[in-house]
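Student: One predicted model, sequence on top.
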Amino acid sequence: MSGGTVPSEDILNRKLDLCVSNALVKSGIGFTAVRIVPSNSVVHTEQPSAFDQLQKRVGSMFGATADAAADNASKAASSVSDTAKDATDKASSIGENAHHRFAELSSSAGEAVEKQWNNLQDAAQGLSQTVAEKSKELTDSVQGATNDKVRAL
């Protein structure tokens, strides 16, 4: 291996690493779940490559992003749960208020109907008394006229 040549195995390994890393990123798995390890056939005693350093840095960034996303999702779920509980409480309160108002209106409507009924009964009784009085007057006048006719004969 001279200075400018690279073994074909290393080229294939790098291409495979690139394909696998692209698949991990595009699938959403991320680098935190999988660590790509170079093949055992080539032992590297040198310093980690730029790709290895980049892979490590990107993996930690994806891990931090995943943790932040999970935390934000948890906070959002809690907020939605609190909002739903508040809405349920308000709906329950509105239902209770509507029930009380309906009971009040029903009670006042019942009182109004009862008052109207009593007024109608009073009016009917007044009409009945008036009819009875007029009937008596008419009967008295008819009897008086009949008595006058009977005397005249």
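Tutor: Structure's in. What do you need?
Student: Tell me the buried residues in stretch 18-25?
Tutor: Neighbour counts using 16 or more other Cβ atoms under 10 Å place 21, 24 of stretch 18-25 among the buried residues. Heads up, the C-betas are built off the backbone N, CA and C, glycines and all.
Student: Need the mean per-residue confidence for it.
Tutor: For stretch 18-25, the mean per-residue pLDDT is 78.
Student: swap in stretch 100-118?
Tutor: When pLDDT is averaged over stretch 100-118, the result is 87.
Student: Output the contacting helices and strands for the helix or strand harbouring residue 52.
Tutor: The secondary structure element spanning residue 52 is helix 50-152 (assigned by DSSP states H and E). Taking 3 or more Cβ pairs under 8 Å, 6 or more residues apart in numbering; DSSP states H and E as the contact definition, the neighbouring helices and strands of helix 50-152 are helix 8-27.
Student: what's the helix it packs on packed up against?
Tutor: Of the remaining helices and strands, those touching helix 8-27 by 3+ Cβ pairs under 8 Å, 6+ apart are helix 50-152.
Student: distance between the helix it packs on and the chain's centre?
Tutor: Relative to the chain's own centre, helix 50-152 is displaced by 23 Å; criterion: Cα atoms, centre = their mean, to the nearest Å.
Student: Okay, angle between that helix and helix 8-27 too, please.
Tutor: With axes from the mean of the first three to the mean of the last three Cα atoms, to 10 degrees defining the directions, helix 50-152 sits at 10 degrees from helix 8-27.
Student: Understood, closing this out.
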